[in-house]
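Q: Below is the sequence, then the predicted model.
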Amino acid sequence: MDNKLHDEASTVTAEHGQVLVDGPDGVAVSLTPDAAVETSDRLLDAAVEAQGQILIEAQAEKERAARKSG
């Protein structure tokens, strides 16, 4: 598994009834429309969860800094 964190979105197109995803480092995936819809839902759910994790960690860091200074 590639452990590199990418900050650019993949390119997504529809051709001949398939959804084509071209991602970083040569990643290429062809999906049926149904699989693309489910993948989209899963990506959105995971993205929202990850954003929440970032906010929680930022708040925890802020609270640790406040305890150290005061």
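A: Received the coordinates, thanks. Residues are numbered from 1 along each chain as shown.
Q: what about Val29, how many residues close to it?
A: Val29 is flanked by 15 other residues according to other Cβ atoms under 10 Å. Any C-beta I mention is one placed from the backbone N, CA and C, and that applies to glycine too.
Q: Next, the contact list for it, please.
A: By Cβ atoms under 8 Å, 6 or more residues apart in numbering, the contact set of Val29 is Leu20, Val21, Gly23.
Q: ok, now Ala60?
A: By Cβ under 8 Å, 6+ apart, no residues touch Ala60.
Q: Now for it, which secondary structure element holds it?
A: Assessed by DSSP states H and E, Ala60 sits inside helix 33-69.
Q: any idea how far the residue positioned nearest the centre of the chain lies from Ile54?
A: Nearest to the mean C-alpha position of the chain, by Cα atoms, centre = their mean, lies Ala47 at 4.8 Å. In this view, Ala47 and Ile54 are 11 Å apart by Cβ to Cβ, to the nearest Å.
Q: what do you get for Ala65?
A: Remark: distance between Ala65 and Ile54 (Cβ to Cβ) = 17 Å.
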